[in-house]
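Engineer: pasting the sequence and the predicted coordinates here, then a few questions.
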Amino acid sequence: EVQLVESGGGLVQPGRSLRLSCAASGFSFGNYAMHWVRQAPGKGLEWVSGISWNGDTTGYADSVKGRFTISRDNARNSLYVQMHGLRTEDTALYYCARVGTPGSYYKTPFDSWGQGTLVTVSS
Amino acid sequence: DIQMTQSPSSLSASVGDSVTITCRASQDISSYLAWFQQKPGKAPKSLIYAASSLQSGVPSKFSGSGSGTDFTLTISSLQPEDFATYYCQQYNSYPRTFGQGTKVEIK
């Protein structure tokens, strides 16, 4: 069974940094592209960032480009997002998501989601 | 960026009803369209990919159709567990964009 468990969320002041993690199990993590999606309180879903199976290709939403960095450690079956210069508008539940087809970063849908970790940016 | 527009934003229906949600893309996305279900306080669940293919384990009461710019999600014989918010998402190009969601409520 695919399991994705996010961690690292919490309360942080504007301008500070935070790193989120997603621990994967139940599948060959190193074969799959992975993504971060967030949801502000009471709002819809927003794609944040994605990374290819080997980490060579990454992508970011304009709203986080230059502030967030996605990475992965396939030996540790883990996905990360390093967040710098946090803003109040970054307050959200952050989900990691797996794509459904191994080996592809492009044109591949999500099939599994974690339960999310909450990031609150406030002074 | 490709804009995804869902309609309606919310709807009320009774148990046993069938409902249809529409999703429109601002440009041609072929069939690279997915649908997700989200219940309050829960993570999204993947329902449909490639516009009309069911994810493993998803009941056949959910069906999707469309290609190009216009897509629909139909839920037949609504049951209490189907009342949720539904999102479409295009994965034709980056950034991957979601519709704003459609909340299906009990009448």
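Structural biologist: Cool, the structure landed. Residues are numbered from 1 along each chain as shown, chains lettered A, B, ... in the order given.
Engineer: how near is the spatially most central residue of chain A to B:Ser9?
Structural biologist: Geometric centre of chain A, nearest residue: A:Trp36, 2.7 Å, by Cα atoms, centre = their mean. To B:Ser9, A:Trp36 is 26 Å away according to Cβ to Cβ, to the nearest Å. C-betas here are computed from N, CA, C, even on glycine.
Engineer: one more: A:Glu1?
Structural biologist: A:Glu1 is 34 Å from B:Ser9, by Cβ to Cβ.
Engineer: re the thing from before, which one is the residue nearest to the centre of chain A nearest to, not counting chain neighbours?
Structural biologist: Spatial nearest neighbour of A:Trp36, excluding adjacent residues (Cβ to Cβ, 6 or more residues apart in numbering or on different chains): A:Val48 at 4.2 Å.
Engineer: got a list of what the residue in chain A that chain B sits nearest to touches?
Structural biologist: Going by Cβ to the nearest Cβ, chain B is nearest to A:Pro109 of chain A, at 3.8 Å. Contacts for A:Pro109 were tallied using Cβ atoms under 8 Å, 6 or more residues apart in numbering or on different chains; they are A:99-100, B:32, B:34, B:46, B:49-50, B:89, B:91.
Engineer: can you tell me which of the residues you listed lies closest to A:Gly42?
Structural biologist: B:Gln89 (19.1 Å; Cβ to Cβ).
Engineer: that closest one: neighbouring residues, count only.
Structural biologist: 24 (other Cβ atoms under 10 Å in any protein chain shown).
Engineer: ranges for the strands of chain A?
Structural biologist: Ranges of strands within chain A are A:3-7, A:10-12, A:18-25, A:34-39, A:45-51, A:58-60, A:68-73, A:78-83, A:92-99, A:110-113, A:117-121, based on DSSP state E.
Engineer: possible to save those strands as a markdown table with mean pLDDT?
Structural biologist: Formatted as a markdown table, these follow (pLDDT from 0 to 100):
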| stretch | mean pLDDT |
| --- | --- |
| strand A:3-7 | 98 |
| strand A:10-12 | 98 |
| strand A:18-25 | 98 |
| strand A:34-39 | 98 |
| strand A:45-51 | 98 |
| strand A:58-60 | 98 |
| strand A:68-73 | 98 |
| strand A:78-83 | 98 |
| strand A:92-99 | 98 |
| strand A:110-113 | 97 |
| strand A:117-121 | 98 |
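Engineer: the residue nearest to the centre of chain A contacts A:Leu20, doesn't it?
Structural biologist: Yes - between A:Trp36 and A:Leu20 there is a contact under Cβ atoms under 8 Å: 7.5 Å.
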